[in-house]
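J.: what follows is a predicted structure for the sequence shown.
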Amino acid sequence: MNSAVFKMLLVLSFIPVTVNAESSPIDASIQNALPYIQQEAQTWIDQKKCVSCHQVPFGLWSTHVAKNAGFQIDKELFETQTKWSLQFCDTNVTDKTKKRDGGGTDTTYQIILSGVSASDATVTTSLANLLTTFQKADGSFKPGGQLPGQKRPLLETTHVSTAWAALMFHDLALDEHQKTLDKAVKFTLGDFTGQTTEWMAVRALLEQEFGGQQE
């Protein structure tokens, strides 16, 4: 994941939605960062022709949160990137199997958690249903793309990916996904302790929603 964007998301989560974007040095830093984040996402789209599991979803996510918090963004670019990304995720197929993959497991939950998919309920449902088919018997979701190559144990990355997926299904709150959600929560709130900032953050979010360790 783009660590700068992830840190920005954490900062934005503590800023009231009524904030004046020029009211503090932190607000000014966020405002100054937004054009860079939006352009980097567009550069990735133009050069890589894909959504990726980090560059575009987290760019859209942080931009969407910032917009809702009162910051100024390039709305036309945001809408263009949102439309393109949703279409890509809903129609992308793998080279090997020629089957839909949502752009990858991590891309799927990120694009839904970002809130941008709310503009197309049909795509949201389509992607959420697709994601359920990727769940392993133990409740986990296999991390995709470059994530398994991160400098942390694969098991920790698996817990992180599964935790994000669980939060996504929790946000959607659809009865048909309850079993998928329950299995994911049980897996990722099991007897495991990670070391990275991302694991700590997503674990805290899970515990806030579901309590502590699951039996």
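T.: In hand now; what should we look at? Here the structure is a predicted model, which means the values were calculated and not measured. Numbering: from 1, shown residues only.
J.: and the next helix or strand past the helix or strand bottoming out on mean pLDDT in the chain?
T.: Least confident element among the helices and strands of the chain, by mean pLDDT, DSSP states H and E: helix 3-12 (a mean of 49). Heading C-terminal from helix 3-12, the first helix or strand you meet, by DSSP states H and E, is helix 25-48.
J.: other SSEs contacting whichever helix or strand comes after that next one?
T.: Once the chain leaves helix 25-48, the next helix or strand it forms, by DSSP H and E, is helix 55-68. On a contact count with 3 or more Cβ pairs under 8 Å, 6 or more residues apart in numbering; DSSP states H and E, helix 55-68 meets helix 3-12, helix 25-48, helix 75-91, helix 105-113. C-beta coordinates here come from the backbone N, C-alpha and C atoms, glycine included.
J.: only the buried residues of the longest one, if you could.
T.: Spelled out, it's helix 25-48. Asp27, Ile30, Gln31, Ala33, Leu34, Ile37, Gln38, Glu40, Ala41, Gln42, Trp44, Ile45 (16 or more other Cβ atoms under 10 Å).
J.: and of those residues, the nearest to Gly212?
T.: Within the buried residues of helix 25-48, proximity to Gly212 (Cβ to Cβ) peaks at Ile30, which comes in at 32.7 Å.
J.: and Thr80, how many residues sit next to it?
T.: 13 (other Cβ atoms under 10 Å).
J.: and for Glu79?
T.: Neighbour tally, Glu79, other Cβ under 10 Å: 12.
J.: need the pLDDT of the most centrally placed residue in the chain.
T.: Centroid-nearest residue in the chain, with Cα atoms, centre = their mean: Gln110, separated by 2.1 Å. For Gln110, the pLDDT comes out at 93.
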